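> task: produce atomic coordinates for the following.
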Amino acid sequence: MEYTLSKIATNDGHGENSAFFDGWKAYDSDPYHPTKNPNGVIQMGLAENQLSFDLVQEWVKKNPKASICTNEGADDFKEIAIFQDYHGLPEFRNAVARFMERVRGNRVRFDPNRIVMSGGATGAQETLAFCLADSGDALLVPTPYYPGNDRDLTWRTGIQLLPVVCESSTGFKITREALETAYTKAQDSNIKVKGLLLNNPSNPLGTTIDKQTLTESLTFTNEKQIHLICDEIYSATVFDQPGFTSIAEIFQENPNSYNPNLIHIVYSLSKDLGFPGFRVGIIYSYNDTVTNCARKMSSFGLVSTQTQHLIASMLSDDNFVDRFIPESAKRLAKRHEILSKGLAQVGIGSLKSNAGLFCWMDLRRLLKEATFEAEAELWRMIIEDVKINVSPGAPFHCSEPGWFRVCFANMDDETVRVAINRIHEFVMIVQTKKQRYRRGKLEVSLSFRRLDEIMMGSMKMSSPHSPMSSPLVRAMT
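The predicted model follows:
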């Protein structure tokens, strides 16, 4: 009976009652498969990086000693199995620190003694929230932002997330004016602001925050004497210019200009290496008290020593890292190009992006009216009739209806082709009939050139991530 349980157990703070998670449920109940279920839902709502798994699998096969569950690595089984120091294996902390440096172009240095592990970025975010704020306090978060933040940062901590409204007219760029507006609004409401949370590169925008904006944001938090948390879990997914700038670089260039006790970084291997199941989350704080407290709290969500051992071996292999980082970026760039050009062929634009595992797709012109109700209706059509799970902007707290996040790195080339064809058909129906889309079976004869002819004709596919260069067809206006 609910009245015998805690408030956390009986409230809806997990946030599952939103279109963001409903899309996942729709996919789970009817997943696409090229032969077993070709009319099923294609999952484009999951930000997973599967394009370079062959490189990882190749390394694992060549390095069996890295696992204690192989004949070659079994001699280390006892030592690894009984290790339970929540500081983590020294070789693991050293390897992660060096990897973070290399992803950032070796322009910064990270102290392995400040590496605090956690059960994924989810655990890292929540641990920092517990360290920095009390129930009722707030963090400012630029919009649009990852819907999971509402769960990760607020559900058990009791803190609030206050939006810093960013608009499409400026490319959703963070401005000092927007930061000041959100901060003043919180003060007027007697809400104590404890920090600013930045996601760089951004989920869902797929953009990096430029150096000037990072500097202005750090100056803002320093002046207000509030914390700056930088979620940098997509830092190795940058595939185009401008490159990635870490908040660590801004601080280390002018260490005397900022209070180090207010600067914290969240990192993970879930996106950069594609290991969400390993649950490797990292907290890196320049604040000694936060580092010590977070390390003690990490005992509630440690990374298994078996995983630490494997990751330490992999990330200590300079040849592997030197190959993986640029090759992964190259493959992400090609996949991004395929999707963005495919969308452009039917006049669908997207925010210019250079990082991440997704596009921020602009479907505003397909809305019946500029409302979030119309956005939700369009999303339901895409899920139920087009059978693609994309994520609408409302759960991301986007200030304007009609924007959708489309993930592109969690599937093979053939599935991408099928998905873009479905989007083509849907858009053509909306454009040609000029009336409300009727749900049901899609029965329409289209007289445009199929995307599969363009993509398959340009070159043969050699692997699930093989590049395919299709000609850029002039977008419809």
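
> can you give me the helices for the stretch 101-250 of the chain?
According to DSSP state H, counting those that start in this stretch, the stretch 101-250 of the chain carries its helices in the segments 120-132, 148-152, 176-188, 211-224, 247-253.

> run through the neighbouring helices and strands of the first one.
Translated: helix 120-132. strand 115-119, helix 148-152, strand 227-231, strand 263-268, strand 280-285, helix 288-297 (3 or more C-beta pairs under 8 Å, 6 or more residues apart in numbering; DSSP states H and E). Glycine gets a C-beta too; all of them are placed from N, C-alpha and C.

> what pLDDT, on average, does the fifth one get?
This predicted structure assigns strand 280-285 an average pLDDT of 96.

> renumber starting at 35 from here on
With the count now opening at 35, the last piece we talked about shows up as strand 314-319.

> give the pairing partners of that strand; include direction for each.
Strand 314-319 pairs in its sheet with strand 149-153 (antiparallel), strand 297-302 (antiparallel), by DSSP bridges.

> with only the CA atoms kept, save the last one in PDB.
What it means is strand 297-302. Extracted in PDB, the C-alpha atoms of strand 297-302 (Å, rounded to 0.1, in the frame of the first residue of the first chain):
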ATOM      1  CA  ILE A 297      34.900  24.400 -10.400                       C
ATOM      2  CA  HIS A 298      33.900  20.800 -11.000                       C
ATOM      3  CA  ILE A 299      33.900  18.400 -14.000                       C
ATOM      4  CA  VAL A 300      31.800  15.400 -14.700                       C
ATOM      5  CA  TYR A 301      33.100  12.800 -17.100                       C
ATOM      6  CA  SER A 302      32.200   9.300 -18.300                       C
END
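
> identify the residues contacting it?
Applying C-beta atoms under 8 Å, 6 or more residues apart in numbering, the contact partners of strand 297-302 are 130, 134, 154-155, 158-159, 162, 166, 252, 261-267, 269, 280-282, 285, 314-321, 324.

> can you dump the C-alpha coordinates of stretch 147-163 into CSV?
This file holds the C-alpha atoms of stretch 147-163, laid out as CSV (Å, rounded to 0.1, in the frame of the first residue of the first chain):
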residue,chain,number,x,y,z
ASN,A,147,44.5,11.8,-7.0
ARG,A,148,41.5,14.0,-7.8
ILE,A,149,39.8,11.3,-10.0
VAL,A,150,36.7,10.1,-8.1
MET,A,151,34.8,7.3,-9.7
SER,A,152,31.0,6.8,-9.7
GLY,A,153,28.4,4.6,-11.2
GLY,A,154,28.2,6.4,-14.5
ALA,A,155,27.6,10.1,-15.2
THR,A,156,24.2,9.7,-13.5
GLY,A,157,25.8,8.8,-10.2
ALA,A,158,28.5,11.5,-10.6
GLN,A,159,25.9,14.2,-11.2
GLU,A,160,23.9,13.2,-8.2
THR,A,161,26.9,12.9,-6.0
LEU,A,162,28.0,16.4,-6.9
ALA,A,163,24.5,17.7,-6.2
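
> just to revisit the earlier point, nearest to Thr209, out of the strands paired with strand 314-319?
Nearest to Thr209 among these is strand 297-302 (20.8 Å), distances taken as C-beta to C-beta.

> appreciated, that's everything.
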